[in-house]
Structures are given as C-alpha cells and as structure tokens.
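S.K.: Got a predicted structure plus its sequence, pasted below:
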Amino acid sequence: MKLSGKLFKKSGEGQESERVRKKRKLFSVFDRFNTAEWAENPKVKFLNKYSLLFHALLACILVIAIEWMSRHSLTSALSFSFGTPLTFLYNVFLIWASLLIVYLFKRRAVVRIIITVFWVLLGVINGCVLANRVTPFNFTDLKLVGDLLDMKNSKYLSLAAEIVAVVALAAVIFFVVLMVIKGPKFAGKVHRLRNAVGLAACVASIPFVTKAAINSDILSGYFGNLAQGYEEYGFVYSFASSVVDTGMQRPNDYSEETIDAINASVDVGETTANTEDLPNIIFVQLESFIDPYELNFLEYSQDPIPNFRSLMENYSSGYLTVPVVGAGTANTEFEVLTGMGIQYFGLGEYPYKTIMKETSCESAASDLKQVGYSTHALHNNGGNFYSRADVFSQMGFDSFTSKELMNITEYNEIESWPTDDILVEETGKILDSTENQSDFIYTITVQSHGSYPTYEVFEDPAIEVTGGETEEENYQWEYYINELHEVDQFIGDLVNELNSRDEKTLLVLYGDHLPTMGLEDSDMNNGSIFQTTYATWNNFGLDMEDQDLTSYQLMAYMMDQLGIHEGTIFSYHQSAMKNGTVNSDSYLPNLELLQYDLLYGDRFTYDGEDRYPASDLVMGTEDVIISSIDYSEDQTELVITGENFTPWSKIYVNDAQINTEYISGTELRAAAGDIPDGAAVTVCQVGSSNTIFRSSDQVTFWIREGSAGITQDGEGMPDTTESDVDVPQVQEIENPADNN
C-alpha cells in the first residue's frame, strides 16, 4: 500500500473529510513521480537528456533573481546582466558548476531544489543586509553572528519580518523533506564515477577561468570598495571569493633578501623624544563621525560640531582616507593600530576575526611600550565584540576597559547604544591608574552608531536639519546629526578634562567611516565617501601641521610629530613620508611584503623570533570589591555591597552564577535562598557567552544567630555553627564558565 493510503483514514461515516482528501491528493501527486509511466514521459526524457542546458537556463534565472534581491531593483539587475554580459555569464558559470552535483544522486530533483534554495537564500540575506547597511553580505559576516546577536536593538529584521522569514524557511524545509521522502528518482543508471570526474574537472577549471577573467578585466581580484565590487562583478562571484579568498596571499617576490632590503631602506633615525617626559597619547575613534558640512545637500540651524571644528581650526587636522563605508569599524581600527593595509586581505575580511585571533601582532601598543608607555584600550561596548579582548592581547595592550567594566546607565534617545560621555570619566580612571608613567589610550566610541530611525525622535532638536528627500529620510538625518552634536559635547568635555590635568597630552580624534545612509561620492563636498576627518589637540605647544592621510599612516604621522620612531611598519611609513616616496611604485608593494612577513610569513624582520608576544591583558583598571553581605529588612533578599559594580556584574556562588539584580555601582541583590551558609561568593564582570572578564576576591558567606556576614581566609567567622535563620537551599545552577 502506498504511503498516502497508510497515513490517512476515513471519517466515522465512511466519508473522507475535505482535509484528508486534500492530503491524499497531495501525496498521490508525489506517488506518480516514481512510476514507470512518469519515467517514460517524453517531456521528462527530454528534460533529462538536455539537463545541462536547462541547468544553464536555471543558473541564468537565479543570477538575475539574486541580483534583483541584492540591488532591490529588477531594472538594475537586468542592466547588470545585459550591460556586462561576460561578468554575468561568469556568475552563471559558478551556479551552473554547483548544479553538477545533482548528477551524483538518484534524486536529482531534490538536490537541484536544495542547491537552488541555497543560492536564493544567500540572495535574500544579502538583500536584507543591504537594506540596513552599505557593506554587502560576505563570508566573514558568518563569523560575526554572535556579535550581531549581542548588539542591543540593532537587528536587520523587524519582529514581523523575522516571523515571516521563519515561517517561509519552515515551509521550504517541509517541502524539501517531502521531496526527499516522495520526490522523483532518476530512472536511468547513475554513472557516479564519470560524473564525479566531470564535476572535479569543472571545479578545477574555475581558478583558471577566474584568472583569465581577471586578466581580461571581466572581473577584479581586489575591491577597493566592497559594495561597489559586488555591484560591478555580481553577488555570486563576490561572495564566493570571500569564502576562498581569506588572509594574505604570499607575494611572488617574498624572500629574506627582499625583506632585509626593505628594512634597510628605512631612514628615520632613533627616537628623539625625551623618554623621561613623554606626553600621554590618546586616540579616539569616533563611530560614524563625519564633518556634517561635508554633506552638500543638508542644512543646519547651527554648526552641529563646534568643539571638533575648533580643534580643526587651531590644531593639526585633515582628511582621513579609510578602508570602509557604513560598516567595518574594526578594519579602520586595525589600520590605525598596526599601520597595515586591509586591501591585502580577502574580500570583506576582518583580520580581527581571523589571523588576529591566533597570531600576535606588532602594534602601536607594543611599540610605544618599548619607550615606556602604559597601554590601554577603552570602549563602551562589549569586550567580545569583534573579538577585541583577544585581539588587544595579541596587540600587546596592558589593559582593556569594555562596557562590562563601566557603570553604564545612560543610553542614546532610542536606547540602542550607550552615550559616550561616560568615556570622559573612564579616561580619567585610566590616567589615574598609572602613577609616574605616560599612557597610550585607544578609545572607541559608539553613541552615533546606526541604525537611524525614520520617525521623529527629537520633538525639539538642538540642531534642526533640512534637505532630506523624504520626511522619513530627513528624520534619519535629524537623528544622526543630533547624535553627532551630543558626541561633540563629549569631545568638548574630554578636552576640558585633559586640560585640567597637569599632564602633557596629545589627543587625536577621527571618524572611522561614514554613516550607513546610502551616501555616494556626489553627496560629498570632498568627492569621496571613503574620507572622514581627523583633528588633534595638545597642551604642550606642538606645531600645527595639517596633512591629509590614510588610516594606516595616521599613527606613524603622529608619532613622528612627537619624535617617536619605533616599530617596523610605523618607521616604514615615517621614512616614506620623510623621503617623499609615499607615491612611489614600491611604497604599497613593500608595505604588503612587510605585513605579510609579520603576520603570515617567516618573520625575517624579527630573525624568525616572536618579538612581540601577546600580553597578559587585564580587563579594567579598578578592582571589584565585596564589602558586605546582609539580609534586606524583610529577609527575602541578600544585599551585597561593595565597589565598582556594573550592570554586567553577576554573583557567583561556589563557581556557579546565580540570578543577580543590579541596584547601583555599590549594591547588588540576590534571593535569600540563593546563597547558603558557608558558600564561596565572588562578583564577576561578565560579557557575552558568559565570559568572565574580572572578578572580586572570594569571600565566605555565613549565617549565624539571625545575622549574616562574610569572611576571608576563615578570619572573623563566629564560633557557633548553628543558624536560626530559615533560608531556602541554594539552587543547582550550571557554571557558565564551563561553556567558555
């Protein structure tokens, strides 16, 4: 009996219900697929005979559909397909090659559907991503899923869209499963060996076809602008390249002799700065920060960034060419801190999520430590975001204060990101933590991060904005510009704080990239969406020297102003700028060779040694302290008092996390029964994935004669071992640290 007959029974009166009849009809359709009559159908035989051609047609349709979804325009998709036919056909070729897999299976239809769904799903994801940011979807994004889930109120889909997506995906999965169970089978013999050889030969030809296409300018092996590259060369090729093209490729002329020659050509001399009187160096990377007057279509009721503009007018400043637009903060950060260029890595790659997680890397932190600096990172976002806690250790930083170590309670107007004003106080804490030592602080702000709402947020905005093409767009710009205005107030407060201290200080502020607002070169007065602005401040009379720079030159340039000539890459840039060879044909190729040697090669620069090993990074600069544990007045809660608690503080009992209520920076609470007599108690600052960044000293909790208290090392414990307080037993709680 067929499956359709087994699954469904007739109703009580011998008549099938309408629902049962529909199900029987559905399964009867699938049953016909595997009959001799179906196999001998002329149309089926014709499709099987010319399946390679029909796969080519299917691949053409898929490429057009994917481009339609990616570009949000059928006209644009057709323009790509017919305007650049050879590039279009290359994308078709890649999908066609993937469809050859079907010839290894009897159930060709099922495999064909799975492959089709795979490509369509990638197109849908890219379309959703591009609806919310400038940078298209690439393979590295899969490594950032945890970071995206960790971002507060910054989803790519609304709740309704997520529900639709889940339902649609469930329907597709149901259909595929049904096809696996009941779908048609190929009636002929499957020549698996022959077909596998053909598939292998086709796959093996792809690199040669790709190289020929690149040499013929049909494709490009490097995208200076990732979004533009996807648009010009198609999603299929671009995404596939991001899968296979990761890290740095070994340069053809890489050798010990070549590296030695490059290093020998560096001519900047020794550090001339007085190491006994070094100024503090504070770099502040401003999230999505630009000079609003660079936007040629908006008007403002007043200057949104008066503090930043004052710095530009009175201290060294200029344009900063950055490697990303709308997203990719970590890549600008990587260039500034290392002096290395992102363009030599794979398409859309974040070195923070690849090589930097496993390899130590010479950086501004490790180089400045050589002349006596204490080095710190400061960021009012999660310590695990972009793997920064790991990366900053690989870069040699001494400490990293992330949001988990800050008592953050203020957020921007839509409650999506912390305000930046807390960074003024945290900067002071870091400077106070190192007595008689100069500090290098690398700060990353977050307040002006997208996304930007299309509805009115400010009833009475400090800065009135006009010029948006629609009301919704104008609301976006009004919100963004007013966030910039608040960030500018933070800049003013930071300068005042630094100026009030009796310490020589150089402050460098710059934007990491333009905001995610679909800007084009024509929208910018400077003519480039890859240029932001930097400005400086100092309190010791440093000469004003305006200079346009790239983000990988910025640190070297500022060190040079201070007479600091340290580090392989930074000295290389300083030498090139000093000797006028920045625009020479060898400048960038030699930079590529050097950074390959340091990150992927044999480290000929270091004589094969690891001269800059990872540091023992300390999270935060202040101890977490438990002062007391006692009962609340109604004895239903335990009140833990102490110092330096944050909203990310969690109470651990015998190494297991318990439910914790944050009250303030000096008080936490827990249910009375959650901490039993004699338990070992700590307070930990906990990040995503239950990562413990910092912990208090362990104390022992005791209950004696109607009161509670703590002791350390057994000192101060009451003699009695009896408790007259009726307290529920502690719950068994899994230790999250076991999952790290």
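M.R.: The structure has been received and is ready for your questions. Worth saying up front: this structure is predicted, and the values here are computed from it rather than measured.

S.K.: ok, and the closest non-adjacent residue to Pro351?
M.R.: Nearest residue to Pro351 in three dimensions, chain neighbours excluded: Phe334, at 5.4 Å (CB to CB, 6 or more residues apart in numbering). (C-beta placed from N, C-alpha, C; glycine too.)

S.K.: what's the spacing between that neighbour and Pro589?
M.R.: Counting by CB to CB, to the nearest Å, the separation of Phe334 from Pro589 is 20 Å.

S.K.: now do Val110
M.R.: 50 Å.

S.K.: Looking at those two, which is more packed in?
M.R.: The residue with more neighbours, out of Val110 and Pro589, is Val110; 21 against 14, by other CB atoms under 10 Å.

S.K.: quick one: low-confidence ranges for the chain?
M.R.: Where the chain drops to pLDDT under 70, the residues are 1-45, 47, 132-134, 143-162, 165, 179-183, 186-187, 224-225, 705-706, 713-740.

S.K.: Does Ala389 belong to a helix, a strand or coil?
M.R.: helix (DSSP: H, G, I helix; E, B strand; the rest coil).

S.K.: That one contacts Ser689, doesn't it?
M.R.: No: here Ala389 does not reach Ser689: they are 10.9 Å apart, not a contact under CB atoms under 8 Å.

S.K.: Between the two, which has more neighbouring residues?
M.R.: More crowded of Ala389 and Ser689, by other CB under 10 Å: Ala389, with 21 against 12.

S.K.: So that one versus Ser688, what's the distance?
M.R.: 10 Å.

S.K.: quick one, strands of the stretch 401-550 of the chain?
M.R.: Using DSSP state E, counting those that start in this stretch, the strands of the stretch 401-550 of the chain run over 439-444, 465-466, 505-511, 531-538, 549-550.

S.K.: Out of those, the one nearest Gln712 is which?
M.R.: strand 439-444 (32.2 Å; CB to CB).

S.K.: May I have that closest one as CSV, with CA atoms only?
M.R.: Taking C-alpha atoms only, strand 439-444 is exported to CSV below (Å, rounded to 0.1, in the frame of the first residue of the first chain):
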residue,chain,number,x,y,z
ASP,A,439,49.8,56.5,28.9
PHE,A,440,48.7,55.5,25.5
ILE,A,441,44.9,55.1,25.4
TYR,A,442,43.0,53.9,22.4
THR,A,443,39.3,54.8,22.8
ILE,A,444,36.4,53.6,20.6
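
S.K.: So what does Tyr652 look like in phi/psi?
M.R.: phi -110, psi 130 (degrees, to the nearest 10).

S.K.: sec struct for Gly642, please.
M.R.: Using three-state DSSP, the secondary structure recorded for Gly642 is strand.

S.K.: check contacts around it.
M.R.: Gly642 is in contact with 624-628, 666-668, 683, 696, counting by CB atoms under 8 Å, 6 or more residues apart in numbering.

S.K.: buried set for stretch 103-120?
M.R.: Using 16 or more other CB atoms under 10 Å as the test for burial, stretch 103-120 gives 103, 105, 107-116, 119.

S.K.: so how far is that stretch off the chain centroid?
M.R.: Relative to its parent chain, stretch 103-120 has a centroid offset of 33 Å by CA atoms, centre = their mean, to the nearest Å.

S.K.: Not counting sequence-adjacent ones, nearest residue to Gly229?
M.R.: Phe223 (2.8 Å).

S.K.: what residues are up against that neighbour?
M.R.: By CB under 8 Å, 6+ apart, the residues touching Phe223 are 229-230, 233, 238, 347.

S.K.: tell me which of those residues is nearest to Val266?
M.R.: For those, the nearest to Val266 is Leu347 (30.5 Å; CB to CB).

S.K.: can you tell me the helix or strand for the closest residue to the closest one other than its chain neighbours?
M.R.: Nearest in space to Leu347, with sequence neighbours left out and distances taken as CB to CB, 6+ apart, is Ser242 at 4.5 Å. Element membership for Ser242, per DSSP states H and E: helix 235-244.

S.K.: Beyond that helix, next helix or strand please.
M.R.: Next along the chain after helix 235-244, taking DSSP H and E as the criterion, comes helix 256-264.

S.K.: how far is that following helix from where the chain is centred?
M.R.: Relative to its parent chain, helix 256-264 has a centroid offset of 35 Å by CA atoms, centre = their mean.

S.K.: And stretch 299-314, by the same measure?
M.R.: Relative to its parent chain, stretch 299-314 has a centroid offset of 30 Å by CA atoms, centre = their mean.

S.K.: Tell me the buried residues in it?
M.R.: Counting neighbours by 16+ other CB under 10 Å, one finds that the buried residues in stretch 299-314 are 300, 303-305, 307-312.

S.K.: List the contacts of the residue nearest to Leu347.
M.R.: Listed by CB under 8 Å, 6+ apart, the contact set of Ser242 reads 138-140, 346-349.

S.K.: Would you reformat those as JSON lines and include secondary structure?
M.R.: Formatted as JSON lines, the contacts of Ser242 follow (three-state DSSP):
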{"residue": "Asn138", "secondary structure": "coil"}
{"residue": "Phe139", "secondary structure": "helix"}
{"residue": "Thr140", "secondary structure": "helix"}
{"residue": "Gly346", "secondary structure": "coil"}
{"residue": "Leu347", "secondary structure": "coil"}
{"residue": "Gly348", "secondary structure": "coil"}
{"residue": "Glu349", "secondary structure": "coil"}
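
S.K.: count of residues packed around Arg704?
M.R.: Using other CB under 10 Å, Arg704 has 17 other residues around it.

S.K.: Identify the residues contacting stretch 435-443?
M.R.: Contact with stretch 435-443 is made by 278-285, 337, 364-365, 368, 372-379, 397, 423, 427, 430-431, as judged by CB under 8 Å, 6+ apart.

S.K.: re the thing from before, just the buried members of the contacts of Ser242?
M.R.: Applying 16+ other CB under 10 Å to the contacts of Ser242 flags 138-140, 346-349 as buried.

S.K.: quick one: what helix or strand has Asp597 in it?
M.R.: Counting by DSSP H and E, Asp597 is part of helix 587-599.

S.K.: got the CA positions of that helix in PDB?
M.R.: Only the C-alpha atoms of helix 587-599 are listed here, as PDB (Å, rounded to 0.1, in the frame of the first residue of the first chain):
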ATOM      1  CA  TYR A 587      55.600  52.100  -1.400                       C
ATOM      2  CA  LEU A 588      52.500  49.900  -1.300                       C
ATOM      3  CA  PRO A 589      54.100  46.600  -2.700                       C
ATOM      4  CA  ASN A 590      56.700  46.900   0.000                       C
ATOM      5  CA  LEU A 591      54.100  47.500   2.700                       C
ATOM      6  CA  GLU A 592      52.300  44.400   1.500                       C
ATOM      7  CA  LEU A 593      55.600  42.400   1.800                       C
ATOM      8  CA  LEU A 594      56.300  43.700   5.300                       C
ATOM      9  CA  GLN A 595      52.900  43.000   6.700                       C
ATOM     10  CA  TYR A 596      52.900  39.500   5.100                       C
ATOM     11  CA  ASP A 597      56.200  38.800   6.700                       C
ATOM     12  CA  LEU A 598      55.000  39.900  10.200                       C
ATOM     13  CA  LEU A 599      51.600  38.200  10.100                       C
END
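
S.K.: SS state for Val268?
M.R.: Judged by three-state DSSP, the three-state class of Val268 is coil.
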